[in-house]
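> Pasting a predicted model and its sequence here:
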Amino acid sequence: MFDSIENYYRAYNTNFALKKSITKKMPGTIVFKPVEFLINDEGDHVGKEAIEKMDPYCKFKIGWHSKKTHITKPKGNQAHWNDSVTFDRKNDESYAHVEIKDQGRLGSHATIGEAKIDLEVAVANGRVSQWYYVKKNEKIVGEIFIDIECSEMSPKQ
């Protein structure tokens, strides 16, 4: 977790040089494992009492493709997942997006917040586990810890 937004951007800019050095990426798979979501108690629209009444899940998107996790029951101001979603990576996608959503009654799905995931570092290292800021309307509403595994397909012989 980062103690300030400045440290977050400093870490992001440090990885920028690594991203520039990656040339052509091979197709493969990317597995997203959301582990934990912590919501800010100071948020004006969501607090500890509100999240305990939610049915949160994660919706991951790469390009035009999207997949969802199962719904989990939060405890206090945090939610935990024990599943993953897998994407085939056929293109040179640089980013993925995750939305933390609340499945409401009558099929409504309200967005709690969303985060942008840099895939370049995950692809270069094969695996990344880190916290991402979750924002709604440009305001940080929480953080999500995601474990990302990338594997390349072997070239056909």
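Received, thanks.

> So Ala122: helix, strand or coil?
Reducing the assignment to helix, strand or coil with DSSP: H, G, I helix; E, B strand; the rest coil, the entry for Ala122 is helix.

> Am I right that Asn82 falls within a helix?
No: inclusion of Asn82 in a helix is not indicated when three-state DSSP is applied; the result is coil.

> Select the longest strand from this structure.
As far as residue count goes, and with DSSP state E defining each element, the longest strand of the chain is strand 139-152.

> Parallel or antiparallel, which strands does that strand pair with?
Strand 139-152 has its sheet partners listed here by DSSP bridges as strand 28-39 (antiparallel), strand 127-136 (antiparallel).

> where among these is the average confidence lowest?
Ranked on mean pLDDT, the bottom entry among the strands paired with strand 139-152 is strand 28-39, at a mean of 91.

> Flag every buried residue along that one.
In terms of neighbour count (16 or more other C-beta atoms under 10 Å), strand 28-39 has its buried residues at 28, 30, 32-34, 37-39. In this view, the C-beta of every residue, glycine as well, is placed from N, C-alpha and C.

> and what of stretch 111-122?
Taking 16+ other C-beta under 10 Å as the criterion, stretch 111-122 shows 112-115, 117-122 as buried.

> Would you mind listing the outside residues contacting that stretch?
Residues external to stretch 111-122 that are found in contact with it (C-beta atoms under 8 Å, 6 or more residues apart in numbering): 12, 15, 18-19, 22, 30, 32, 39, 46, 54, 56, 62, 89, 93-102, 128, 132-136, 141-142, 144, 146, 148-150.
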